[in-house]
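>>> Make a model of this:
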Amino acid sequence: MSQSRNKNHEYFIWETHGIHAGTGNDHVKHGVDEFEKITELAIEKAHPNITFIIHTPRLTRFRYAAEKRLGVKFIRGDNAYFNYPSQIDKLKQKYGDKINIRFGIELEWLGPDLGMQWNRSKIFQAQNADFVIGSLHFSKEGIPYDGSIEEANQLIKLRGGVENYWAGYIEELIEMVDSSWEMIQVVGHIDLPKLFVPMPKALIELDTSDHILARRMRFLLEMISEYNLALDVNLAGINKGCGIYPDLSILQRAKHLDIPIALGTDTHSLQNLGNHYEEGVKFAYKAGYKHYLSFSKCIPEKRPLRNTGFKEDKYKVMNLGIEMLNLRFEDRKQRRIPKFSFGGSFRTFLEHHKSSTSLGDFDAIRIRKGNKSVSISHTLPVHQKERQKGLFSHHKDEPGVLSMIFNALASEEINVETAHLNSNNDGTATAFLTLSGDDNGIREAVEFVEGTGGNSFIEIRVGDNLDIPDLKKADNYLLEVDGVNLPIAISEQMILSVHNNSSGVLLILLSALASQNINVLDLRLGHRGNKGYAILGIEGEKRKVGDVIGKLGPQFFETTHLNLSE
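Numbering: from 1, shown residues only. Modelled structure (predicted):
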């Protein structure tokens, strides 16, 4: 067993197009094995992850010949598809401490008209899916590309030959990508028709052929690259006898265009769980790839094709940073692959990431996209033991206590320039604030807090020679946001705020959180010009956090709930 586990670890794939599971007694039943049985086998095999996938229901006219004979209609799928997310939630509750569970959907392309509206509704039904694969199985004539040799021959005859058969397929893929790129993360099995109809020579000689099929396939790949989508390296063709999707010629062209890949077995049977991982990894290597993507909450995670020689903990840091940055963007921009800079112990990544830059000895990863960036590390940042003038508070670690301080300062028109707050894990918290404003006003504010704070404050004072508290220890640390120094321990729930740098603005956020019984555990505050930056570690009901940050007003340029619980 130990040898098997070592081999699985060396070639293990965090799948995207993973296993199609049984979905109960329902019209959209596709896989044959049940969720729990699959999960238990994956745990037995020491897999760190299991990925489930389900086809979206189809419009009635898109049916395989066998389905028509049996009278099976893939219409609503209420009992299976609609309840798919809740089934996954139950799995996570039962097995989440033993294995990471991901799930996604395979979005069936059914045309640009009613099919698009149908598909949009299916995406909404698959709440919180980790990824969406856009796949084309059916021709616009309603005949499947992967049904049977008889159906393939029927479509060849209808279209007037093999080249027209393939040409129609490629044009439909182009239409799918152009119409659906904001809805999907991955383009599925791009040369699916080779299952029954061999690929034309023009597609095998993709880089050199001037045939129309080669030109249109090259255009399709360029479109996938421009839309920042990933390409499905699909191992199902191994069992079906047509080889891995896509053909090596297509995959090598994709690599030249810097199209990322996502791998998966696309299996519909428990017996094939984890099969062909080694073959898939070596195939991707042959095309020039060193990394692939997996997805969590539709956010891409970069992973090495081979685990041997790589440090998994450093990849976890990088993927956490990618997630933190992407959560700052709206959905359609989250798929854009960010740029990287690596320093210190992370500099080994430089040779594997095109266009990345060095941070020298600074032990961190800087991840940037557009005008936004974060720097992250798993090393506790060292700050100089300098003593500064400021306000020190030792108080109860409860919702609303911190806002008392900010409220008193704002009443005297005092602005908080920087802030360091740490929860002490003993029912108390320690804060150090640097302030701008009149010294008399600061003293008045402190006296007000002392007089009105009841027993919430153990000690509060202003001094010229105070220690800045050390960061609490954690697995990972956020160091910078958009170049602003904000070192803080990363926790499960955080809020990032970019706001007008003036007195009273941050009080709005703190008061709103306190009103919903949301406690601030950690806080760092910085600024650049008229922009104030705040990062808060918080504890409270997630739904209430979302309600709060949506109502803060125009003084807040950006407020992001960084929900990092997984």
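
>>> contacting residues around the closest residue in space to Pro381 that isn't next to it in sequence?
Leaving out its chain neighbours, the residue that sits closest to Pro381 by Cβ to Cβ, 6 or more residues apart in numbering is Pro487, at 4.8 Å. (Glycine included, C-beta is placed from N, CA and C.) The contact partners of Pro487, taken as Cβ atoms under 8 Å, 6 or more residues apart in numbering, are 381, 383, 471, 477-479, 524.

>>> Swap in 10 Å and give it another go.
By Cβ atoms under 10 Å, 6 or more residues apart in numbering, the contact set of Pro487 is 375, 377, 380-383, 420, 471, 477-480, 524, 526, 535.

>>> pLDDT-wise, what's the bottom of these?
Ranked by pLDDT, those bottom out at His383, which has 63.

>>> Look up how far Ser436 lies from Glu413.
Applying Cβ to Cβ, to the nearest Å, the value for Glu413 to Ser436 is 10 Å.

>>> and for these two, which residues touch both?
Common neighbours of Glu413 and Ser436 (criterion: Cβ under 10 Å, 6+ apart): Ser503.

>>> secondary structure element for the residue nearest to Pro381?
In this assignment (DSSP states H and E), Pro487 forms part of strand 484-489.

>>> And the next helix or strand past that strand?
Later in the chain than strand 484-489, the nearest helix or strand by DSSP H and E is strand 493-500.

>>> And that next one, what's buried?
Under the neighbour-count criterion of 16 or more other Cβ atoms under 10 Å, strand 493-500 has 493-499 buried.

>>> Low-confidence bits of the stretch 301-450 of the chain, can you list those?
For the stretch 301-450 of the chain, residues meeting the criterion pLDDT under 70 lie at 307-311, 332, 335, 383-387.

>>> now the helices for it?
312-326, 331-334, 401-411, 439-452 (DSSP state H, counting those that start in this stretch).

>>> looking at the ones you listed, which is buried most?
Across those, averaging neighbours per residue (mean count of other Cβ atoms under 10 Å) puts helix 401-411 on top, at a mean of 23.

>>> quick one, that one and helix 439-452 angle?
Our comparison of helix 401-411 with helix 439-452, counting by axes from the mean of the first three to the mean of the last three Cα atoms, to 10 degrees, yields an angle of 140 degrees.

>>> mean confidence score for the strand holding Pro487?
For strand 484-489, the mean pLDDT works out to 92.

>>> angle of that strand against strand 493-500?
Counting by the same axes, to 10 degrees, strand 484-489 lies at 160 degrees to strand 493-500.

>>> quick one: buried residues of strand 484-489?
Neighbour-count burial for strand 484-489 [16+ other Cβ under 10 Å]: 484, 486-489.

>>> Throw the residues you listed into a markdown table and include distance to Ala512, thanks.
Output for the buried residues of strand 484-489, formatted as a markdown table (distance: Cβ to Cβ, whole Å):
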| residue | distance to Ala512 |
| --- | --- |
| Val484 | 22 |
| Leu486 | 21 |
| Pro487 | 25 |
| Ile488 | 20 |
| Ala489 | 23 |
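
>>> between these, which is nearest Lys94?
Among the buried residues of strand 484-489, Ala489 lies closest to Lys94 (Cβ to Cβ), at 30.3 Å.

>>> distance of that closest one from Leu479?
Note on Ala489: its distance to Leu479, by Cβ to Cβ, is 11 Å.

>>> now do Arg69
Arg69 is 62 Å from Leu479, by Cβ to Cβ.

>>> out of the two, which sits in the busier spot?
Between Arg69 and Leu479, counting by other Cβ atoms under 10 Å, Leu479 is the more crowded of the two (20 against 9).

>>> Identify the residues contacting that one.
When contacts are counted by Cβ under 10 Å, 6+ apart, Leu479 touches 321, 362-366, 374-377, 379, 381, 485-488.

>>> Leaving out sequence neighbours, find the closest residue to it.
In this structure, Leu479 finds its nearest non-sequential neighbour in Ser375, 4.3 Å apart by Cβ to Cβ, 6+ apart.

>>> do the same with Ile143
Leu155 (4.5 Å).

>>> And for the one you found, the neighbour number?
22.

>>> So it is in contact with Tyr169, correct?
Yes - taking contacts as Cβ atoms under 10 Å, Leu155 lies within contact range of Tyr169: 9.2 Å.

>>> tell me, what's touching these two both at once?
139, 145, 193, 197.

>>> Distance to Leu263, secondary structure and pLDDT for these - can I get that in TSV?
TSV is the format used below for those (distance: Cβ to Cβ, whole Å; DSSP: H, G, I helix; E, B strand; the rest coil; pLDDT from 0 to 100):
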residue	distance to Leu263	secondary structure	pLDDT
Ser139	27	coil	95
Tyr145	21	coil	96
Pro193	21	helix	97
Val197	25	coil	97
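
>>> tell me which of those residues is nearest to Thr348?
Ranked by distance to Thr348 (Cβ to Cβ), the shared contacts of Leu155 and Tyr169 are led by Pro193 at 41.5 Å.

>>> pretty sure the closest one is in contact with Pro246, am I right?
No - with contact defined as Cβ under 10 Å, Pro193 does not count as touching Pro246 (11.4 Å).

>>> So between these two, which is more surrounded?
A count of neighbours by other Cβ under 10 Å puts Pro246 above the other of Pro193 and Pro246, at 29 against 24.

>>> All set now, cheers.
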